[in-house]
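Asks: Pasting a predicted model and its sequence here:
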Amino acid sequence: MTTAPAEQVLPERPTVPPAEPWTFPEPTRHRLDNGAEVVAYDIPGQYVVSVRVAIDAPLHTEPRDREGVGTVAARTMDEGTRSHSTDEMAEELERAGIAIGAGMAESGLVVDVDVAPRHLGRALELLTEFLSEPTFPEAEVARHVRARLAEIEHERAAPVSRAALEFLRTYFDPADRAARPAAGGRETVSRITRDDVAAFHAAHVHPSRAALVVAGDLSGLDLDGELARTVGTWADDAPEPDRPEPPGRRRRRSDAARIVFVDRPGSVQTALYVGCPGPDRRTKAGWSAYSVLGFVLGGSPNARIDAVLREEKGFTYGIRSSFRPHHRGGLFLTTGTVRGDATAESVGLLLDILDGGREGFTEEETRAGADYIGRTAPGRFATADAVADEAALLALDGLTTRFTTDTLAGLEDLDAQALGDAYDRYVTGEWTVVVVGDAQQYADPVRQLGRGEVTVVPL
């Protein structure tokens, strides 16, 4: 005789409450005696301290005939100082495991340093040398000029980079600095000398224009004392020359709403670059909606664009959309590559999807995008370098990381109506479209779409 097994009683499934809104770590702030602002984020458990120096030296301050000089200056600041030669500096950095770099953005120059906490003092000493006493050896400047010229040739040969260059030229007024490469073009870069680089540094790299961000596990570190001993000695004695007036809102060309086909004979892939005006971070509508819109339209394989062009049609590995803010105004861009034989159909479908956004978004899309942006924030900002990068980027725009916290908080109340209103505020269907591919085969099919004038230009 067998006994029936007792009925298994399963434990009650626990209720999982929604995650609390994540907030950016709160920093401490003070100014050094030389005027440099210090913003420090104590993030326990980090193994690296990340330091960023954001310097107000926007691109429009470069001499018109030496555009790119800021990029060359950034790349050569660590190539020797009055205290250490080029080789000695390389040895000092390697000995202490210090990673350092610098680059130019639209709003200024950023120097970045990453180092283990025990070597932070030495890193700050060398950082102070880069900022205050670089020698810009002529041979090193010439080497970086050659490297930039080689980059320019690569940018012209790579389809997506070539599309970006043509987009700037097509979209912006020719008199606007934004119409030209941020790191300079062949004609201007080839003129840059060691004296040009030194003059740019002397004119713009001053502590009174600098925000110094430090992020990492700061427990046990005398950060204030180390900063006073090092970066605090960076003098600001040299008079600053007059700077050009800051430009107003970037100007779009009157004929920007058209299609430019860059001919790349024999190309089996076609690069697409589609854009229109967008907001800056200070938009009255709030930035939350624009972070979600980029995700909903072209931020994942489930987004509207990839759902059609990748999953349904198999034309692409992925096309991405994003709103890109500038100091004043911004852009809404959609970029990617497709199969060459699908060029015309892809352009038509892509523009239809982007135009379709003006018909609105669903609550399901809105919540999925808001949840993704909000709930992945702790992961995106889990490391010291990510925190420091965000703070430095916002500092160049005159903002603090309170902006990031407010943006994330705004996601909670975002609904489909607000998302649609935000899209309609800027996206009117007047697209600037750049196509890089085989024009002989595909330019006429693109014309037949009836989406506007098509101009063919050489590679």
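Replies: It's in.
Asks: OK, contacts around residue 434?
Replies: Shown in contact with residue 434 (CB atoms under 8 Å, 6 or more residues apart in numbering): 163, 166, 167, 170, 259, 260, 262, 271, 272, 273, 274. C-beta here means a position set from N, CA and C on the backbone, and glycine is covered the same way.
Asks: do residue 37 as well
Replies: Taking CB under 8 Å, 6+ apart, we find residue 37 in contact with 29, 30, 31, 210, 211, 212, 395.
Asks: Sticking with the last one, tell me its helix or strand.
Replies: Read it as residue 395. Here residue 395, judged by DSSP states H and E, is contained in helix 384-396.
Asks: after that helix, next one along is what?
Replies: helix 402-410.
Asks: residues making contact with that next one?
Replies: Residues outside helix 402-410 that contact it (CB under 8 Å, 6+ apart): 21-24, 281, 286-289, 291, 373-374, 377, 381, 390, 394.
Asks: Most neighbours of all these, which one?
Replies: residue 289 (27 neighbours; other CB atoms under 10 Å).
Asks: In contact with it, which residues?
Replies: The contact partners of residue 289, taken as CB under 8 Å, 6+ apart, are 410, 414, 418, 419, 421, 422, 423.
Asks: And the pLDDT for the residue lying closest to the third one once chain neighbours are set aside?
Replies: Closest residue in space to residue 418, ignoring its immediate chain neighbours: residue 289 at 5.8 Å, by CB to CB, 6 or more residues apart in numbering. The model reports residue 289 with a pLDDT of 97.
Asks: How about residue 429?
Replies: pLDDT, read off for residue 429, is 93.
Asks: Tell me, how many residues neighbour it?
Replies: Neighbour tally, residue 429, other CB under 10 Å: 12.
Asks: I'd say it and residue 357 touch.
Replies: No - when contacts are counted by CB atoms under 8 Å, residue 429 is not listed as touching residue 357 (9.9 Å).
Asks: Now stretch 224-231: buried residues?
Replies: By neighbour count with 16 or more other CB atoms under 10 Å, stretch 224-231 contains the buried residues 226, 227, 230, 231.
Asks: Put together a markdown table for those, with secondary structure, pLDDT and distance to residue 143 on each row.
Replies: Shown next, in a markdown table, are these (DSSP: H, G, I helix; E, B strand; the rest coil; pLDDT from 0 to 100; distance: CB to CB, whole Å):
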| residue | secondary structure | pLDDT | distance to residue 143 |
| --- | --- | --- | --- |
| 226 | helix | 97 | 33 |
| 227 | helix | 98 | 32 |
| 230 | coil | 98 | 28 |
| 231 | helix | 97 | 28 |
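Asks: and which of the residues you listed is nearest to residue 64?
Replies: Sorting the buried residues of stretch 224-231 by distance to residue 64 puts residue 231 at the head of the list, at 32.4 Å, by CB to CB.
Asks: could you say which helix or strand contains the nearest residue in space to that closest one that is not next to it in sequence?
Replies: Using CB to CB, 6+ apart and skipping residues adjacent in sequence, the residue nearest residue 231 is residue 128, 5.3 Å away. Counting by DSSP H and E, the element that carries residue 128 is helix 120-132.
Asks: And the buried ones among the contacts of residue 37, selectable in PyMOL?
Replies: Typed into PyMOL, the line below selects the buried ones among the contacts of residue 37, using 16+ other CB under 10 Å:
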select buried, resi 210+211+212+395
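Asks: Could you work out the most separated pair of the contacts of residue 37?
Replies: Comparing the members of the contacts of residue 37, the greatest separation, given CB to CB, is between 30 and 395, at 14.6 Å.
Asks: tell me the angle of the host helix or strand of the residue nearest to residue 418 relative to helix 402-410?
Replies: Using DSSP H and E, residue 289 sits within helix 288-298. Counting by axes from the mean of the first three to the mean of the last three CA atoms, to 10 degrees, helix 288-298 lies at 70 degrees to helix 402-410.
Asks: Could you list the buried residues of the next helix-or-strand element following helix 288-298?
Replies: Downstream of helix 288-298, the next assigned helix or strand under DSSP H and E is helix 304-306. Within helix 304-306, the residues that qualify as buried are 304, 305, 306, counting by 16+ other CB under 10 Å.
Asks: Tell me which other helices or strands helix 304-306 touches.
Replies: The contact analysis (3 or more CB pairs under 8 Å, 6 or more residues apart in numbering; DSSP states H and E) places helix 304-306 against helix 288-298, strand 319-325, helix 343-356.
Asks: switch the cut-off to 6 Å
Replies: Counting contacts by 3 or more CB pairs under 6 Å, 6 or more residues apart in numbering; DSSP states H and E, helix 304-306 is packed against helix 288-298.
Asks: can you pull the alpha-carbon coordinates of the helix it packs on into CSV?
Replies: What follows is helix 288-298, C-alpha atoms only, in CSV (Å, rounded to 0.1, in the frame of the first residue of the first chain):
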residue,chain,number,x,y,z
SER,A,288,14.6,63.8,-18.6
ALA,A,289,12.4,63.5,-21.7
TYR,A,290,15.2,63.8,-24.1
SER,A,291,17.3,61.1,-22.5
VAL,A,292,14.3,58.8,-22.9
LEU,A,293,13.5,59.8,-26.4
GLY,A,294,17.0,58.8,-27.6
PHE,A,295,16.5,55.4,-26.0
VAL,A,296,13.0,54.8,-27.4
LEU,A,297,13.8,55.7,-30.9
GLY,A,298,17.3,54.3,-31.3
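Asks: quick one: that helix to helix 343-356, angle?
Replies: Helix 288-298 runs at 150 degrees relative to helix 343-356, counting by the same axes, to 10 degrees.
Asks: Can you list the neighbours in contact with the helix holding residue 128?
Replies: Residues from elsewhere that reach helix 120-132, judged by CB atoms under 6 Å, 6 or more residues apart in numbering: 49, 77-78, 81, 83, 96, 98, 113, 115, 226, 230-231, 234.
Asks: mind redoing it with 8 Å?
Replies: With contact meaning CB under 8 Å, 6+ apart, helix 120-132 is reached by 49, 51, 53, 77-78, 81-84, 89, 92-93, 96, 98, 100, 102, 111, 113, 115, 205, 207, 210, 221, 223, 226-227, 229-231, 233-235.
Asks: again, but for stretch 41-50
Replies: By CB under 8 Å, 6+ apart, the residues outside stretch 41-50 that reach it are 25, 27-28, 112-117, 120, 123, 213-219, 221, 383-385, 387-389, 391.
Asks: Generate a ChimeraX selection restricted to the buried subset of those residues.
Replies: Remark: buried members of the contacts of stretch 41-50, expressed as a ChimeraX selection using 16+ other CB under 10 Å:
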select :27,112,113,114,115,117,120,123,213,214,215,216,217,218,221,383,384,385,387,388,389,391
